[in-house]
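Trainee: The following comprises the amino acid sequence and a computationally predicted model.
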Amino acid sequence: MSHGGGRAPEAAIRARESRVVDGRDVTPAVGTRGEAGGWRRAINGARVGGFKPRFEDGRWSFLYRRDTRYAADAPDGQVAAAARRMRGGEDLPPEVRGPVIRPNVWTWEVPVYFWFGGIASGAAFAALGCEAVADERSARLARFVAVGAAGCGGPLLIMDLGRPERFLHMFRIFKTRSPMSTGAWCLMAFSNCGGAAVLADLLGWRRPRRALTAATAGFGTYLGSYTGVLLASTAVPSWNRSRGFLGPLFICTAAASGAAATRLAVSATGAPRDHPTRDGLAALESVAMAAELALSLVNERRLGIARRALEEGRPGRLLPLARALTVAGLALRGVARRGPRPLDQVPSVAFLAAALAYRLGWVAVGRTSALDHEAVAALARDSEQAL
Amino acid sequence: MTASAAPTEIAVHRYGGNGAPQRMGFFTDTTVCIGCKSCEVACKQWNDLPADTTDYGRRSFDYTGSLSATSWRHVHFVEIAAPTVGREDLDLVAAAQGQPLPEGGLDRWVFASDVCKHCTNAGCLDACPTGALIRTEFQSVIVQPDICNGCGYCVTACPFGVIDRDPYDGRAAKCTLCYDRLQDGMEPACAKACPTDSIQFGPYDELVERAKGRVAELHARGVDTAYLYGAGDDGADQIAGDLGAFFLLTEPPERFGLPANADSPIQQNVPVATAAGLAAGITAAASAVVSLLLAHRRGRR
């Protein structure tokens, strides 16, 4: 359990002061966390003392008496105009009293899950490609990578919950509005579909295998991108303002890392160096990482004040590291065509590491961005950029 | 966990005169708030919430700091320094102990009791994957503690920083508009406790009418800066489709940690972000096929 704040402060008081006097429990009421405190009616169905129908006790106030001059008749439009005057425009007051929004409570499991989900999605694409060229051996490996990575993601997703034992509540409903819900269902569908494809392969069923591999890749298009959509659909400015980019960015790293993992698996199981699948996967990696680099540069350029959060603290270290690994990998790939043999695998490893650093960095942005009160407030004022 | 007995006779007064469910809400008039924090205390008492650790900042007497999983009401103390005095020059703790404040010192001291806004377009409600967050028959938004699995997505989806996941308990928690009290026809604990009726509770439409009248009255008395935050706006100016708990403020919203504009980030971004992501996903899958086809064609030659 990762939320672990340890033992709640009031638990110690309760433990220390707990006692029963003359048959009555006189333990101090130090509170219940996570929910409104429970109570019970002494007489079932009884009305509460002092009850007045239709909330009459709440609707009366000494303020509303005629002689208090509490309220006057408001002419049409006066109130709306006053609000526009005070909260319209771009100018912030001299002081922003934060916090405006709350930083995310997620721990390391979430970005690492995003990474595994990306690898799974990319490997599913690779499996589809290998099927297309009838390279059955590589397709098999790619399917293993996809199912294995998705299998690692599930437990991480459960560990991150505040109440891991309730993880099945994710499947209580299917909610198209919530990327967290659709994502959980997609991971489920992807894993089952990928597992069925592996099974069909073991049983030697050719047609179901190909259909299931294609379906897995189909779910993979969402599995790899929804994590970006999930971050973009929050109030955190740096994520929110990257709405059109986070999904594509995450897909790029997903495709690259999935291809890289598959390529390493294919190489490790003895495919010769000039095997065309290795070349094809290498090309996919490079194209995807180059696209990631280009997209992230464009995105950062248009983020405005929300860009600050990408440049300080943890993301300020992780994102440049990811970028450096990407550039190094791409450069090495250019050289390695002619270079010595062992260098051939280094770019794939670098891309996998870059993908992890990108995920860790982008999730860490949530914290720095949410705590940059001025930027949060300024972007809320900025109605132009809101669209 | 039974929060209250099953509602029985209550349905009689749960609805408006015509039988339709009625939206209930809060109108917090900050011009009559005296900063006594009895709403915070009443909330903690009624809902049996544990105490927070108190930690005085140097520049504010507000030690609650912000809303949290265990603080469902929070009275902002906003000390506004005179224009000639930098805020960093204020040391209010020292001032309380007898040290003089710098020349000019405090210009004004305003209070606002903050609470969950029970938005029409509620980000937390849109984000919740388990259905733990629901809208009640009073149009308030509540977390069902027996459903929430603590995924934490609502925390980032709230544009007001209200809902939070309790670090010890693991579930998300926030103001329920005293759902249990409403079911019994009683006003929420904070509104009941408020000694100046800064926190007013009632049917939403009645509250909005009264609040508009209050703004007009304040304008007539020369308080030009009075405005409503979260009600009475037209169309595009609305905050999250209008707030079930709205405020009368006399300072820019940022002084109270409120965003000038807000909406459910889910409703804003999910369609466009999903479209972009899926388009990129399909492109990536196609690229995988194309790159392998090309490589194999080259390999055969």
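Mentor: Sure, I can see it.
Trainee: contacts and neighbour counts: CA atoms only from here.
Mentor: Will do.
Trainee: can you give me the strands in chain A?
Mentor: Ranges of strands in chain A, per DSSP state E, are A:20-21, A:24-25.
Trainee: want to throw those into a markdown table with distance to B:A94 and mean pLDDT?
Mentor: Output for the strands of chain A, formatted as a markdown table (distance: least, Cα to Cα, whole Å; pLDDT from 0 to 100):
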| stretch | distance to B:A94 | mean pLDDT |
| --- | --- | --- |
| strand A:20-21 | 44 | 91 |
| strand A:24-25 | 43 | 88 |
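Trainee: Centroid-nearest residue for chain B?
Mentor: B:C116 (3.2 Å; Cα atoms, centre = their mean).
Trainee: Spit out the contact partners of it.
Mentor: Contacts here follow Cα atoms under 8 Å, 6 or more residues apart in numbering or on different chains; on that basis B:C116 touches B:72-73, B:162-163, B:174-175, B:245.
Trainee: Take the residues you listed and keep only those in strands.
Mentor: If you go by DSSP E, these have B:73, B:245 in strands.
Trainee: Which two of the contacts of B:C116 have the greatest separation?
Mentor: The widest separation within those, taken as Cα to Cα, falls between B:I163 and B:A245 and amounts to 14.5 Å.
Trainee: between those two, which one's more packed in?
Mentor: Neighbours per residue, other Cα atoms under 10 Å in any protein chain shown: of B:I163 and B:A245, the larger number sits with B:I163, 29 against 26.
Trainee: Does that one touch B:A69 like I think?
Mentor: Yes. Look at B:I163 against B:A69 with Cα atoms under 8 Å: they come within range, at 6.6 Å.
Trainee: Which residues are in contact with each of the two?
Mentor: With Cα under 8 Å, 6+ apart as the test, B:I163 and B:A69 both reach B:172-174.
Trainee: Of these, grab the buried ones for ChimeraX.
Mentor: Buried subset of those, written as a ChimeraX selection, criterion 16 or more other Cα atoms under 10 Å in any protein chain shown:
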select /B:172,173,174
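Trainee: could you dump the shared contacts of B:I163 and B:A69 to TSV with pLDDT?
Mentor: Below are the shared contacts of B:I163 and B:A69 laid out as TSV (pLDDT from 0 to 100):
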residue	pLDDT
B:A172	94
B:A173	95
B:K174	95
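Trainee: Chain A next: which of the shared contacts of B:I163 and B:A69 are close?
Mentor: B:172-173 (Cα under 8 Å from any Cα of the partner chain).
Trainee: so B:C36 sits in a helix?
Mentor: No. Counting by DSSP: H, G, I helix; E, B strand; the rest coil, B:C36 is located in no helix; its state is coil.
Trainee: Need the phi and psi values for it.
Mentor: Phi and psi for B:C36, reported as degrees, to the nearest 10, are phi -80, psi -20.
Trainee: same thing with B:V78?
Mentor: Dihedral angles for B:V78 - degrees, to the nearest 10 - are phi -120, psi 110.
Trainee: And for it, the neighbour number?
Mentor: Counted with other Cα under 10 Å, B:V78 comes out at 19.
Trainee: Using the three-state scheme, assign B:D107.
Mentor: Assignment for B:D107 (three-state DSSP): strand.
Trainee: nearest residue to it other than its sequence neighbours?
Mentor: B:A82 (4.4 Å; Cα to Cα, 6 or more residues apart in numbering or on different chains).
Trainee: Can you read off the pLDDT for B:G57?
Mentor: The per-residue pLDDT reported for B:G57 equals 69.
Trainee: now B:A42
Mentor: 95.
Trainee: OK, contacts around the nearest residue to A:C130 once chain neighbours are set aside?
Mentor: Leaving aside its sequence neighbours, A:C130 sits nearest to A:A139 (Cα to Cα, 6+ apart; 5.0 Å). Listed by Cα under 8 Å, 6+ apart, the contact set of A:A139 reads A:126-131.
Trainee: try 6 Å
Mentor: Counting by Cα atoms under 6 Å, 6 or more residues apart in numbering or on different chains, A:A139 makes contact with A:127, A:130-131.
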